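Visitor: what's the 3D shape of this:
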Amino acid sequence: MNAHSASGGATPSILTPEGIVAYTDTLDCIHCGLCLRTCPTYELTGVESSSPRGRIHLIRSAFEGRIDPGPGYAEELSFCLMCRRCESVCPAGVHFGALMEHARDAQVKRVPPTLFVRVLRHVGLRWLLPSRTLLRVVGALARFGEWSGARALVRQLLGKLGAFLDHAPTVPPLAEQRPLPAASAPPAGGFLRGTVVLLEGCVAPLLTGRSNRATFDSLRALGFDVRVPRAIVCCGSLHAHNGDWEGARGLARRAIDAFESAAPADAPVVTNSAGCGSHLRELEGLFETDDPWRVRAARLRARVRDYSQVVAGPLEELRPRAATAEAVAYDDPCHLCHGQGVRSEPRRVLAALDGLNVRLLDDPEACCGAAGLYSLSRPADSRDIFAPRLAAFERSGATVLVTANPGCLLQWQSGLAPRGARAVHLAELVDDALRASAL
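Guide: Just a heads-up that it's a prediction; the model follows:
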């Protein structure tokens with residue numbers, strides 16, 4: 001039993017595991033419209049097909065063969081940021097993020113992208129992100145390109161093909177790209193709270209190494225034995241979000257193996273990336289119900305913790321003095337609040353830093369427009385979605401924006417730098433306070 005498009009070509013069978021999940025998830029939608037005002041793309045366009053409800057209707061129509069999943073359909077799938085804010089207000093409990101991942105995977109198989117895009121996807125997703133060596137080479141070359149001016153020259157030579165370089169983040173000095181130790185030294189004072197396993201990440205060491213170092217150092221200062229498994233580089237979240245489920249499954253197996261062998265089975269797996277943490281908590285969805293890897297993925301899910309969840313309690317005990325007198329405002333990463341339901345812990349962390357001047361941000365759970373690769377693949381849309389967040393920050397009176405996700409951090413850094421303000425990861429505030437308190 002296959003669904004067919006209007007043009008006669010076959011779409012993925014609704015009886016495949018992917019097809020069943022995607023099809024039945026669309027049927028949960030009761031079309032109430034509560035999601036409309038939470039959707040950043042609907043807010044931009046006011047067009048029904050650019051809303052969660054509209055996209056669900058499109059996906060169901062494609063799977064049922066009532067529309068041809070051509071360029072217009074592919075454009076709407078690409079336009080979605082997958083911020084999952086709609087899930088937080090949906091009374092029917094539609095798993096929109098998983099639905100979009102299935103739909104994108106099916107679309108790539110149904111209508112392969114151009115050769116150029118296929119090559120970029122293969123090089124980026126299959127070669128670069130899983131390889132620490134290649135990532136370091138790229139990091140070194142990118143840093144040299146900025147230092148020497150070669151980046152601007154390459155941009156000029158590539159013409160339109162190099163437009164993405166206009167929006168690519170600045171690569172920090174090589175000193176900030178240093179890998180974390182495989183294990184921490186004994187905790188300060190000999191007091192051991194327990195062992196944790198830290199996901200170093202793939203792009204994070206390259207672009208936000210300072211945040212990674214602050215995460216590692218602050219966990220150690222709070223009394224944790226920190227393990228950093230070398231066997232895992234990329235968790236596969238970017239693959240799953242961009243229609244490469246086969247690549248995501250392969251990386252999921254590597255991650256599960258690495259985390260199982262890195263520390264005792266009950267040791268928390270800590271992430272300082274909302275996107276990676278959300279993906280790791282949902283790895284089961286990559287495997288069929290009778291696949292042994294699904295059981296192992298479920299065990300891993302139970303261990304995953306956001307950085308704020310691990311450090312909030314110890315910080316409330318210690319109450320270190322904040323190391324900055326600047327006013328700070330916290331912005332919720334989408335995959336932390338909507339994907340993982342983690343909202344209170346980052347605020348508990350801020351409240352535990354004695355003397356910290358915290359300002360409230362209007363609509364802090366709205367998407368900043370970073371969305372993984374979205375700010376590179378759709379820079380104009382990303383900037384339009386980011387604009388209200390910048391306005392909210394300016395109204396807050398803060399001079400420092402705090403977030404808990406590398407992609408969001410880079411988005412805020414690029415937007416705030418021209419305004420003389422700055423953005424930091426939550427772990428950086430904590431690490432600075434702990435260092436100042438130890439003096």
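Visitor: Show me where the stretch 251-400 of the chain has its strands.
Guide: Secondary structure of the stretch 251-400 of the chain (DSSP state E, counting those that start in this stretch): strands at 269-271, 304-306, 327-330, 357-359, 400-403.
Visitor: Nearest to Val171, out of those strands?
Guide: strand 400-403 (19.5 Å; Cβ to Cβ). C-beta coordinates here come from the backbone N, C-alpha and C atoms, glycine included.
Visitor: starting at the chain centroid, how far to that closest one?
Guide: In this view, strand 400-403 has its centroid 16 Å away from the chain centroid, taken as Cα atoms, centre = their mean, to the nearest Å.
Visitor: Repeat that for stretch 110-122.
Guide: 23 Å.
Visitor: just stretch 336-354 next, same as before
Guide: 16 Å.
Visitor: likewise stretch 390-405?
Guide: On Cα atoms, centre = their mean, the centre of stretch 390-405 falls 19 Å from the chain's centre.
Visitor: what about it, how long is it end to end?
Guide: 17 Å (Cα to Cα, to the nearest Å).
Visitor: For that stretch, give the mean pLDDT please.
Guide: Computed over stretch 390-405, the mean pLDDT rounds to 97.
Visitor: what do you get for stretch 61-74?
Guide: Mean predicted lDDT for stretch 61-74 stands at 87.
Visitor: Stretch 111-121 now?
Guide: 80.
Visitor: what residue is smack in the middle of the chain?
Guide: Gly275 (2.5 Å; Cα atoms, centre = their mean).
Visitor: Test my guess that Val424 contacts Ala398.
Guide: No - counting by Cβ atoms under 8 Å, Ala398 is not a contact partner of Val424; they are 11.5 Å apart.
Visitor: Once you drop chain neighbours, what's closest to Val402?
Guide: Closest residue in space to Val402, ignoring its immediate chain neighbours: Tyr330 at 4.7 Å, by Cβ to Cβ, 6 or more residues apart in numbering.
Visitor: what about that neighbour, how many residues close to it?
Guide: 22 (other Cβ atoms under 10 Å).
Visitor: same deal with His425?
Guide: Count around His425 with other Cβ under 10 Å applied: 25.
Visitor: Flag the shaky bits of this structure, pLDDT-wise.
Guide: Scanning the chain for pLDDT under 70 picks out 1-22, 24-25, 150-151, 154-167, 186-189, 439.
Visitor: on that earlier part again, roughly how far does the residue nearest to the centre of the chain sit from Glu146?
Guide: To Glu146, Gly275 is 25 Å away according to Cβ to Cβ, to the nearest Å.
Visitor: cool, Ile67 as well?
Guide: Distance from Ile67 to Glu146, by Cβ to Cβ: 45 Å.
Visitor: neighbour-wise, which of the two wins?
Guide: More crowded of Ile67 and Glu146, by other Cβ under 10 Å: Ile67, with 19 against 16.
Visitor: Which element, helix or strand, includes the closest residue to the more buried one other than its chain neighbours?
Guide: Leaving out its chain neighbours, the residue that sits closest to Ile67 by Cβ to Cβ, 6+ apart is Ser61, at 4.4 Å. Following DSSP states H and E, one finds Ser61 within helix 52-64.
Visitor: name the helices or strands packed onto that helix?
Guide: helix 17-27, helix 71-79, helix 96-110 (3 or more Cβ pairs under 8 Å, 6 or more residues apart in numbering; DSSP states H and E).
Visitor: how does it look with 6 Å?
Guide: Helix 52-64 sits against helix 17-27, helix 71-79, with contacts defined as 3 or more Cβ pairs under 6 Å, 6 or more residues apart in numbering; DSSP states H and E.
Visitor: count of neighbours near Pro71?
Guide: 9.
Visitor: ok, now which ones touch it?
Guide: Contact criterion Cβ atoms under 6 Å, 6 or more residues apart in numbering gives no residues in contact with Pro71.
Visitor: what about Ala168, how many neighbours?
Guide: 18.
Visitor: now swap in Asn272 and tell me
Guide: 30.
Visitor: Ok, Trp293 next?
Guide: 17.
Visitor: Can you tell me how far it is from Cys334?
Guide: Counting by Cβ to Cβ - Trp293 and Cys334 are separated by 27 Å.
Visitor: Ok, Gly285 next?
Guide: 18 Å.
Visitor: Looking at those two, which is more packed in?
Guide: Regarding Gly285 and Cys334, a neighbour count based on other Cβ under 10 Å identifies Cys334 as having more, with 29 against 19.
Visitor: Can you classify the closest residue to the more buried one other than its chain neighbours by secondary structure?
Guide: Nearest residue to Cys334, sequence neighbours excluded (Cβ to Cβ, 6+ apart): Cys83, at 4.0 Å. Under DSSP: H, G, I helix; E, B strand; the rest coil, Cys83 falls in the coil class.
Visitor: Next one: Cys83 relative to Ser377, how far apart?
Guide: 15 Å.
Visitor: Isn't Ala255 up against Ile232?
Guide: Yes - with contacts counted by Cβ atoms under 6 Å, Ala255 reaches Ile232, the gap being 4.9 Å.
Visitor: roughly how far out does stretch 370-388 sit from the chain middle?
Guide: 14 Å.
Visitor: now stretch 417-434
Guide: 19 Å.
Visitor: List the buried residues in that stretch.
Guide: Neighbour-count burial for stretch 417-434 flags 421, 423-434 (criterion: 16 or more other Cβ atoms under 10 Å).
Visitor: I would like the residues contacting it, please.
Guide: Contacts for stretch 417-434 (Cβ under 6 Å, 6+ apart): 211, 214-215, 217-218, 221, 272, 307, 320, 322-323, 346, 353, 399-402, 404, 409, 412-413, 416.
Visitor: Give the PyMOL command for selecting the buried subset of those residues.
Guide: To isolate in PyMOL the members of these that are buried, counting by 16+ other Cβ under 10 Å, one can use:
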select buried, resi 211+214+215+217+218+221+272+307+320+322+323+346+353+399+400+401+402+404+409+412+413+416
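Visitor: excluding its backbone neighbours, what's nearest Glu101?
Guide: Nearest to Glu101 is Ala240, by Cβ to Cβ, 6+ apart, at 5.3 Å.
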